[in-house]
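> Give me the fold of what follows.
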Amino acid sequence: MLFDAHIHLEKYDDDEIATMCADSSLVGMIAVSMDHASSRRTLALKKRCPEKVYAACGFHPEQPMTEQEAFMAWIEEKQQEIDAIGEIGLPYYLRRERLAQGKDWNEAPYLAALDQWLRLAERLHKPVVLHGVREDVRTILSYLDRYSLPRVQFHWLKTDGNTLCQLAERGIYVSFTPDLLYKEETRKIAAAYPHHLILLETDGPWPHDGPWTGMRTHPSMLERVLDELAILRGEEREPLRLALIENARRFIGSKG
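Numbering: from 1, shown residues only. Model prediction:
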């Protein structure tokens, strides 16, 4: 049994979702959202599969900024159904693409939105799922220090060693994808990060390389990721499996 701590469930088709919900080896999924429409679909999927789906609603930053007020008001209205705020953060890849094309870039609206989303999460006392890459992790960390949040997760983390230490000191969860099998940077972070703060995720249906090239991303991949993580950390597989499930439940606030 395993828990997928970050998956874009609403992007899968109905048959795939039904299979995941029926899979006894999958004990839970944190279903993250991209925007208002995506969040509505995520909540509908939670109603279809309430025993496994935990709904995270938010605005993914790797897209043009839009007005957020009505969306946030909807989240306040639906707060009893929503388990976390996410995926939110800063647009590392979008910014890099625009600058590479020689286009103007204004970071201010994204920073303002991040601040608003964190304030909302604090007010609703919800865990937060974050998208932060490289130098953006340090920027997001400075914003996190302004708020009292129950729990925080950086998914598919890419950062330097000093920042990683700061995340651990603050008790921030970090989740690892199937790229653990082929990305040395991910392997180093996974080997060293505190045991009680590590999670596994697919980020599905985002495709992965290495041994996963050409394959449809699915939570079943996490069994092999678990095997590799146990080897990297020098831990027994089954106790590690149980710890990862407990970590995910603790993050999302589920008693299991």
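
> so how far is Asp4 from Leu200?
To Asp4, Leu200 is 7 Å away according to Cβ to Cβ, to the nearest Å. Every C-beta, even on glycine, is put in place using the N, C-alpha and C of the backbone.

> Val174 now?
According to Cβ to Cβ, Val174 and Asp4 sit 15 Å apart.

> what do you get for Val27?
Distance from Val27 to Asp4, by Cβ to Cβ: 9 Å.

> Which of those two has more residues huddled nearby?
When neighbours are counted by other Cβ atoms under 10 Å, Val27 and Asp4 differ, and Asp4 comes out ahead with 27 against 17.

> Leaving out chain neighbours, which residue sits closest to Gly210?
Leaving aside its sequence neighbours, Gly210 sits nearest to Tyr182 (Cβ to Cβ, 6 or more residues apart in numbering; 3.0 Å).

> How about exporting stretch 152-170 as CSV, limited to the C-alpha atoms?
Extracted C-alpha coordinates of stretch 152-170, given in CSV (Å, rounded to 0.1, in the frame of the first residue of the first chain):
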residue,chain,number,x,y,z
VAL,A,152,3.6,22.8,4.2
GLN,A,153,4.7,20.6,1.3
PHE,A,154,7.1,21.4,-1.5
HIS,A,155,6.5,18.9,-4.3
TRP,A,156,9.2,17.7,-6.8
LEU,A,157,11.7,19.9,-5.0
LYS,A,158,14.8,21.3,-6.7
THR,A,159,17.0,23.5,-4.5
ASP,A,160,20.4,24.0,-2.9
GLY,A,161,21.7,22.3,0.2
ASN,A,162,21.5,25.4,2.4
THR,A,163,17.8,26.1,1.5
LEU,A,164,17.1,22.4,2.0
CYS,A,165,18.4,22.6,5.6
GLN,A,166,16.1,25.6,6.2
LEU,A,167,13.1,23.6,5.0
ALA,A,168,13.9,20.8,7.3
GLU,A,169,14.4,23.1,10.2
ARG,A,170,10.9,24.5,9.6
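
> ok, and for that stretch, which residues are buried?
Val152, Gln153, Phe154, His155, Trp156, Leu157, Lys158, Thr159, Thr163, Leu164, Gln166, Leu167 (16 or more other Cβ atoms under 10 Å).

> From these, which land in helices?
In helices, defined here by DSSP state H, the members of the buried residues of stretch 152-170 are Thr163, Leu164, Gln166, Leu167.

> Isn't the first one up against Arg138?
The one in question is Thr163. Yes - counting by Cβ atoms under 8 Å, Arg138 is a contact partner of Thr163 at 5.4 Å.

> Check whether Leu43 really touches Tyr54, as I assumed.
No - between Leu43 and Tyr54 there is no contact under Cβ under 8 Å: 11.0 Å.

> ok, those two, which is more surrounded?
Neighbours of Leu43 and Tyr54, each counted by other Cβ under 10 Å, are more numerous for Tyr54; the result is 25 against 19.
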